[in-house]
Each structure stands twice: as structure tokens, then as C-alpha cells.
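# One predicted model, sequence on top.
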Amino acid sequence: MSHTYTSIGWNRQKRVYDLTMAAGVVVYLALFVGLGSAIHPNATAETLLIRGFGTLALLTLHVVLIIGPLCRLSPRFLPLLYNRRHLGVAMFLMALTHGAFSIFQFHALGALNPLVSVFVSNTQYSSLSNFPFQPLGLAALVILFLMAATSHDFWLTQLTAPAWKRLHMLVYVA
Amino acid sequence: MNLNEREEFYVGYLPKAPAGVARHTRKAALAIAIGAVAIAVLLVMGQRRFAESFFEFGNAREFEGVVSEYPVPTLIAQKDGQVGTQPAFSYYALVAEGKHGAEAIVEGFDGRRVKLRGTLIHRENTAMIEVVPDSIKITNPGFSAANRPVENLGEQTFAGEIVDSKCYLGVMNPGHTKPHRECASLCIRGGVPPLFVVRDAEGKSAVLWLVSERGQPLNQEVLDFVAEPVEITGRVSQNGDQLFLRADPRSFRRIH
């Protein structure tokens, strides 16, 4: 018996799951940017978008991580687990948008390569209160990318389950 | 769970979930949505107040005045009317596009009357122009202004924060404190003049252009202190409505 991989094995439940997730993303960002503009008229759109995508990615990560324990508590949460993979990849895309916006806003158009600037613009690596947080964010984004890129049964097979599991446990480091 | 719900078995690839499971999933999704909305509202309302600073992005205008290259590249433009018996002047610090200073743009134009195109950046009483490349043109080839008198206000000690003037005055908001440190460092490294922002007990702020003891630009020398609370002792001088603080970076003191 042979097995053929498809990129996504769509079915009705996955479509409903993804549409609900997409609607949630749109509503959250519209609320964050819209309410932010109304309450803070001097705020710039790029600042609100950077903060909106960043907070949304962090919130989505928490939802992704709580699904596993909820399913242990009750099998009625299994529909949330069924398409958790799509939620995780979406979370990476939100984090990527936040990171890309931030790197362009704070590190582009200067005298240094933007990716070099992330690491050298703040050199207070020996300080706790002034420790550069942006390199930590970039490291987290790299971990999330590796997880999103291997979020398919093909990689689960190729890497073997123990290796794939070890890779995806890095979410706790991220 | 009742007996029927205990008998329900969820299979993801089937078109529909069992009724009890579907009902529970809808409740869970609604709870997550309500939580997300609440968190969004709390986060938005919890943000600090944004300063009233402005960058007229996409709206380049023409300016005319006399260029002063030192200590901070500036365009001194005559206002209509006068103050007492003296003409009134507006002082616009000059910067280049991106995270770069304007030294290369204004080199050779010191004391000359020019026209240039640029985008206005302003916050409270301090203004800056982001100069459009190659737009500076001498309007009166025979004109050359003498240096304007500088008023010395003596040696003083201030506690405040070093910021990059371009972002602080309006290009980014917020353009100060720790979240903006990396950008400020990159701007100052690229030649954007540093400002020293000081606040009194009531929260009112004043800004001083930070230069060396000899009145030369300070850039690389202050990078380690950007966006941190520091105490600086130096000589204060006033040129028009601009304040300058001449100090030795080796004497800067971090305050916690």
C-alpha cells in the first residue's frame, strides 16, 4: 500500500475551523487598531499594527498551548485539537508579520544591515534591566519558523516522531 | 455529561461533529473570542499616552532661510513680523532621509541663503526638516551671514534621557525610552543629532541639543547612554529659541 501526501487534507470541519480563526484574527486587529486610533489619536498606524500583531500572536500561542491540557481534561475539546496545526501556523504568520514590521520600522534605512542592527544597536548584554529584547524575539521567531515549516505529516515521517517531537517542544523555549 | 454525550465519539474528517460535541465546541470558541476581545480592549486602554508630535509624511514643502552647519545643521528662516526691534526667526534642524544626519547635505552651505524642499517634523516648540535630496539651491550667491550671537547660560546639571531628535520630534511615536532604544541608537549612529530631554517634577519637558564641549556633533560617543536615565553636567547656551548642552560624554552618569 502506498501513501500520497497532500498539502492539506481539507474537509468541512477544517474549513469551519479556519474560517472561524480568520474571522477572529480580523476582528481582533480591527478592534485593536480601530479602538487604538480612537483612544490615542496621536498613535501612528504602524505602531498600532506592530503591537496588534505581536499581542495577537502571543495570545494565539497561549490558546494553542492550552488545547492539549484541555483535551486531557475532557474529550469534548477534541475538535479544537483536530486542526490545532493550522492555528499554530497562523500564529507563526502573525509573529512573522510583527517581526517583519518591527525590523523595518526600527532597523531599516540606517547605516547597518537591518539584521545586523538587531544584534548591535543595543549592546547592554550584561545588564538585566536593559538587556536587548529584540534578539530574543528574533530567536523565538526562528524557532516558530522551524515548527511551522515542519508542521506536516511529511516531516513527522521524515524526521521520525522522537526528533519531530523534540523540535516542537522548543515552543516552550520560544 | 449525560449518557448520550458519553456515547458520542468525535471523528474530525466526518462532515459534522456529534451534536453535544458541536455545542460544547461552540461555547469554547465563544469563550475564547470573548476573552480575546477583553484582552484587546485592556491592552489598548493600557497603552501610555502618545505624544503630540507630527511628521508631515508625503507632504514636502519649500523652505527658505540661512543654513547654519554647526553645531547642529539648521535652517534659520525669517518669520513675518518681528519681536520688539528684532526680526523673528524660526529654527529648523535639518536631517536627511532614513536614519541619517544632514551633514553631507549642508556641507559648504554654512551662512548661505538657500531654498530647499523638505518634510516638516515638529513637536511642541521644536521643528525639523527632512530634506529632499539635491533640493538645496543658493538663492543669493553674494550673500553670506555672520554667525548669530550665542547667549551663554552657564554650567548646569540635568537628569534626563538622550533621544534621537528625528524620531522624538515626530517620525516615530513613541520616539523615546527602552522600546525605541535600538532605533534611536541607529539614528544617532547615522548622524541624526541627539537631543537631551529633561522633565521637571510636574512632567513638563524641555529639550537641549547635545553637543561636545567644543560644540562638535556627538554621535558614536553617546550610543551607550541612549534611552537610559542619565545625569549630564555641561555648559548651556542659547541660539534663538534653541538650547544647546555642551558636555563631555565621559562625564555622563547613569541614574537608577
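Happy to help now that I have it.
# Tell me where chain B has helices.
Remark: helices assigned in chain B by DSSP state H are B:3-7, B:19-46, B:103-106, B:165-166, B:181-189.
# Same list, these, but as a markdown table with mean neighbour count and distance to A:Val63 please.
Placement of C-beta: from N, CA and C, glycine included. Output for the helices of chain B, formatted as a markdown table (neighbours: other CB atoms under 10 Å in any protein chain shown; distance: least, CB to CB, whole Å):
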| stretch | mean neighbour count | distance to A:Val63 |
| --- | --- | --- |
| helix B:3-7 | 10 | 24 |
| helix B:19-46 | 15 | 6 |
| helix B:103-106 | 19 | 50 |
| helix B:165-166 | 29 | 39 |
| helix B:181-189 | 28 | 30 |
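# and of these, who's closest to B:Glu155?
helix B:165-166 (23.0 Å; CB to CB).
# Can you list the neighbours in contact with the closest one?
The contact list for helix B:165-166, computed with CB atoms under 8 Å, 6 or more residues apart in numbering or on different chains, reads B:93, B:95, B:99, B:121, B:126, B:128, B:130, B:175, B:187, B:192-195, B:207, B:209.
# Mean pLDDT lowest where, among the helices of chain B?
For these, mean pLDDT drops lowest on helix B:3-7, to a mean of 60.
# re earlier: ok, of the contacts of helix B:165-166, which one's closest to chain A?
Minimum distance to chain A across the contacts of helix B:165-166 is 3.8 Å, recorded for B:Lys99 (CB to the nearest CB).
# My read is that that closest one contacts B:Leu186, right?
Yes. Judged on CB atoms under 8 Å, B:Lys99 makes contact with B:Leu186 at a distance of 5.1 Å.
# overlap in contacts of the two?
A:110-111.
# re earlier: would TSV of the helices of chain B with distance to A:Ser37 be doable?
Compiled in TSV, the helices of chain B are given as follows (distance: least, CB to CB, whole Å):
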stretch	distance to A:Ser37
helix B:3-7	45
helix B:19-46	10
helix B:103-106	34
helix B:165-166	23
helix B:181-189	22
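# Look up how far chain A lies from B:Arg235.
29 Å (CB to the nearest CB, to the nearest Å).
# Quickly list what that residue is bridged to.
B:Glu155, B:Arg246 (DSSP bridges).
# what comes up buried for stretch A:129-139?
A:130, A:132, A:134-135, A:137 (16 or more other CB atoms under 10 Å in any protein chain shown).
# what subset of these is also close to chain B?
Within the set of the buried residues of stretch A:129-139, contact with chain B (CB under 8 Å from any CB of the partner chain) is found for A:130, A:132, A:134.
# nearest residue to the last one other than its sequence neighbours?
Pointing back at A:Gln134 there. The spatial neighbour of A:Gln134 that comes closest, neighbours along the chain excluded (CB to CB, 6 or more residues apart in numbering or on different chains), is A:Val118 at 5.3 Å.
# wait, what's in contact with the one you found?
Taking CB under 8 Å, 6+ apart, one finds A:103, A:107, A:134-135, A:138, B:182 in contact with A:Val118.
# Kindly recompute the last result at 7 Å.
A:103, A:107, A:134-135, A:138 (CB atoms under 7 Å, 6 or more residues apart in numbering or on different chains).
# now B:Gln47
A:His40.
# and stretch B:27-41, C-alpha only, in PDB?
Listed next in PDB are the C-alpha coordinates belonging to stretch B:27-41 (Å, rounded to 0.1, in the frame of the first residue of the first chain):
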ATOM      1  CA  LYS B  27     -19.300  27.500  23.700                       C
ATOM      2  CA  ALA B  28     -15.500  27.100  23.900                       C
ATOM      3  CA  ALA B  29     -14.900  29.200  20.700                       C
ATOM      4  CA  LEU B  30     -17.200  31.900  22.100                       C
ATOM      5  CA  ALA B  31     -15.400  31.900  25.400                       C
ATOM      6  CA  ILE B  32     -12.000  32.300  23.600                       C
ATOM      7  CA  ALA B  33     -13.500  35.100  21.400                       C
ATOM      8  CA  ILE B  34     -14.800  37.000  24.400                       C
ATOM      9  CA  GLY B  35     -11.500  36.600  26.200                       C
ATOM     10  CA  ALA B  36      -9.600  37.900  23.200                       C
ATOM     11  CA  VAL B  37     -11.900  40.900  22.800                       C
ATOM     12  CA  ALA B  38     -11.500  41.700  26.500                       C
ATOM     13  CA  ILE B  39      -7.700  41.400  26.300                       C
ATOM     14  CA  ALA B  40      -7.600  43.600  23.200                       C
ATOM     15  CA  VAL B  41      -9.600  46.300  25.000                       C
END
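# Tell me the residues on chain A that lie near chain B, please.
Within chain A, the positions adjacent to chain B are A:11-13, A:20, A:24, A:28, A:31-32, A:35-36, A:39-40, A:42-44, A:47, A:55, A:59, A:63, A:75-80, A:82, A:106-107, A:109-112, A:117, A:121-122, A:130, A:134 by CB under 7 Å from any CB of the partner chain.
# Filter those residues down to the buried ones.
Counted by 16+ other CB under 10 Å, these give A:13, A:20, A:24, A:28, A:31-32, A:35-36, A:40, A:43-44, A:47, A:55, A:59, A:63, A:75-80, A:82, A:106-107, A:110, A:112, A:117, A:121-122, A:130, A:134 as buried.
# coming back round to it: sort out which of the contacts of A:Val118 are in helices and list them.
With DSSP H as the criterion, helices contain A:103, A:107, A:134-135, A:138 from among the contacts of A:Val118.
# can you list those in a markdown table and add pLDDT and distance to B:Ala38?
Below are these laid out as a markdown table (pLDDT from 0 to 100; distance: CB to CB, whole Å):
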| residue | pLDDT | distance to B:Ala38 |
| --- | --- | --- |
| A:Ile103 | 96 | 30 |
| A:His107 | 95 | 33 |
| A:Gln134 | 93 | 28 |
| A:Pro135 | 94 | 32 |
| A:Leu138 | 96 | 30 |
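# Name the nearest of those relative to A:Thr160.
A:Leu138 (28.6 Å).
# Name the nearest residue to that closest one, sequence neighbours excluded.
In space, A:Leu138 is closest to A:Val118, 5.7 Å off (CB to CB, 6+ apart).
# mind checking how far that neighbour is from A:Ala148?
Applying CB to CB, to the nearest Å, the value for A:Val118 to A:Ala148 is 20 Å.
# same deal with B:Arg254?
Taken as CB to CB, the span from B:Arg254 to A:Ala148 is 41 Å.
# Kindly report the same for B:Glu202.
50 Å.
# Mind telling me which residue is nearest the centre of chain B?
In chain B, the residue lying closest to the centroid (CA atoms, centre = their mean) is B:Tyr168, at 1.7 Å.
# Do you know the pLDDT at the residue nearest to that residue when sequence neighbours are not counted?
Using CB to CB, 6+ apart and skipping the chain neighbours, the partner closest in space to B:Tyr168 is B:Gly175 (4.1 Å). Per-residue confidence (pLDDT) for B:Gly175: 89.
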